[in-house]
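*Asks:* let me see the structure of the following:
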Amino acid sequence: MRLSRTLPFLVAVAALIAACSDAGSDATASTPPETIELSTLPAATTTDPPATTTSTTEAATTTTEVPEPVYPLTGLPIDESNPLASLRTAVVAKVGNYDAHPQWGSNSADIIYEEIINANISRFAFVFQSQSVDRVGPIRSGRRQDVDLFGSFNAPIFAWAGGNGTVTAEVNNSDLINFNESRCAGSCFRTNDDRPREFTLFFNINKVWDVAAGQGGVPPQQFQYRTAGAPAAGEASDGVALKMDTYNIDWTWNATTGLYERNQNGKPDNDKSGDQMTTNNVVVLSMVYLPGISGSPDAQSTGTGDAWVFSGGTKVHGTWTRADRLSVFTLTADDGTPMLLTPGRTFIQLPRSQFGNVSPK
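*Replies:* Residues are numbered from 1 along each chain as shown. Predicted coordinates for the structure are as follows:
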């Protein structure tokens, strides 16, 4: 675990755990702030107002607020009933898209990436940390670009179906923890349905954390979030339409639920539960794709490019910058201010950096 990147967060969580222990069995949980609409997430508990320390002199009074601990990949307050969940290693699961419908676990992931692969199609990466699910998939193969994209999660567990020899060597030589089918230690399984074999591999995320105990590190916070009750910055927007090569993606803001709803190729994008894929934030990062291994595009996820954030019914344009594969994406609005997200789940779209591929509403 990289303590230099996680120590401040661990100290905050340790304080919370101690508080929970002192409270005993009589402790109760309140409801989450009304400003965060999260119908698809388990209710997040909140603590009492942040503790303050006050020092008084004849000249002035100074008050210091202790920040409330949050999950690093959602920015939501940590659930007092399970505070150690905030210390788990992130699990990145590669999941098929259109050809693998329906998916399992889409609305339980903290973050989802959609990246372009070969044959002009896209593939997902579901990232789990604050929540869990006993079935996610169908699990598909990885690409060289995954090694760069997911380096910012601090040695995550990479749940995938494997890849060609070159990609597998890249994964094994990186800090990603290789959990392909031959290394999953019972945390993955195949179904006996009538699908082709390439669509029958799944992972149980609960079991992944059990068998991978002690491996990887706590992921750092990936984005900056606005405080509860603060209005979303930017212009009013109904969402965004974009092209992921042959897939036409449409995200529409639902002011009633406080969520963005996903359509793909003109139809609601529903998972196995029958629920439409939703998210609190849509982050669009324009990518240059260079020719990669075996005809697969290779997203250049370091450097800089155009960025859009759709959050709380608004849109903000700016740029993304990233120094190296271990760094998080820094999002800066055109006016020089940070691009802030709503605490909750985030969907990251990685379209090609070509004019007309992103059409804000």
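*Asks:* for the residue most central in space within the chain, phi and psi?
*Replies:* The residue lying closest to the centre of the chain (C-alpha atoms, centre = their mean) is residue 111, at 1.6 Å. Backbone torsions for residue 111, taken as degrees, to the nearest 10, come to phi -140, psi 140.
*Asks:* ok, now which ones touch it?
*Replies:* By C-beta atoms under 8 Å, 6 or more residues apart in numbering, the contact set of residue 111 is 73, 127, 222, 345-348. (C-beta placed from N, C-alpha, C; glycine too.)
*Asks:* let me have these in TSV, extended by neighbour count.
*Replies:* Listed next are these as TSV, based on neighbours: other C-beta atoms under 10 Å:
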residue	neighbour count
73	24
127	23
222	21
345	28
346	26
347	24
348	21
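*Asks:* now do the strands in the stretch 201-350 of the chain.
*Replies:* With DSSP state E, counting those that start in this stretch as the criterion, the stretch 201-350 of the chain has strands at 201-203, 235-236, 239-244, 247-254, 259-264, 267-268, 278-279, 281-285, 289-291, 297-299, 303-311, 314-322, 330-333, 346-349.
*Asks:* and residue 80, which of these is closest to it?
*Replies:* strand 346-349 (23.5 Å; C-beta to C-beta).
*Asks:* just give the number of residues close to the closest residue to residue 270 other than its chain neighbours.
*Replies:* For residue 270, ignoring the flanking residues on the chain, the nearest one in space by C-beta to C-beta, 6 or more residues apart in numbering is residue 276 at 5.4 Å. Neighbourhood size, residue 276 [other C-beta atoms under 10 Å]: 18.
*Asks:* can you give me the distance of residue 276 to residue 250?
*Replies:* 12 Å (C-beta to C-beta, to the nearest Å).
*Asks:* name the residues contacting each of these two.
*Replies:* Joint contacts of residue 276 and residue 250 (C-beta under 8 Å, 6+ apart) are residue 262.
*Asks:* now tabulate the contacts of residue 111 in JSON lines and tack on pLDDT and distance to residue 263.
*Replies:* Converted to JSON lines, these look like this (pLDDT from 0 to 100; distance: C-beta to C-beta, whole Å):
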{"residue": "73", "pLDDT": "98", "distance to residue 263": "25"}
{"residue": "127", "pLDDT": "98", "distance to residue 263": "22"}
{"residue": "222", "pLDDT": "98", "distance to residue 263": "26"}
{"residue": "345", "pLDDT": "98", "distance to residue 263": "18"}
{"residue": "346", "pLDDT": "98", "distance to residue 263": "18"}
{"residue": "347", "pLDDT": "98", "distance to residue 263": "13"}
{"residue": "348", "pLDDT": "98", "distance to residue 263": "18"}
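*Asks:* let's have the residues you listed in CSV, adding distance to residue 148.
*Replies:* Below are the contacts of residue 111 laid out as CSV (distance: C-beta to C-beta, whole Å):
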residue, distance to residue 148
73, 18
127, 15
222, 15
345, 23
346, 19
347, 19
348, 14
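*Asks:* closest to residue 210 among the residues you listed?
*Replies:* Using C-beta to C-beta, the contacts of residue 111 come closest to residue 210 at residue 127, 18.5 Å.
*Asks:* so the residue nearest to residue 270 touches residue 269, yeah?
*Replies:* Yes. At 6.4 Å, residue 276 counts as touching residue 269 under the criterion of C-beta atoms under 8 Å.
*Asks:* shouldn't residue 279 be in contact with residue 260?
*Replies:* Yes. If you go by C-beta under 8 Å, residue 279 and residue 260 touch, sitting 5.3 Å apart.
*Asks:* how about residue 212: what's its closest non-neighbour residue?
*Replies:* That would be residue 157: by C-beta to C-beta, 6+ apart, it lies 5.4 Å from residue 212.
*Asks:* got the contact list for the one you found?
*Replies:* 89-92, 176-177, 179, 208, 212, 215-216.
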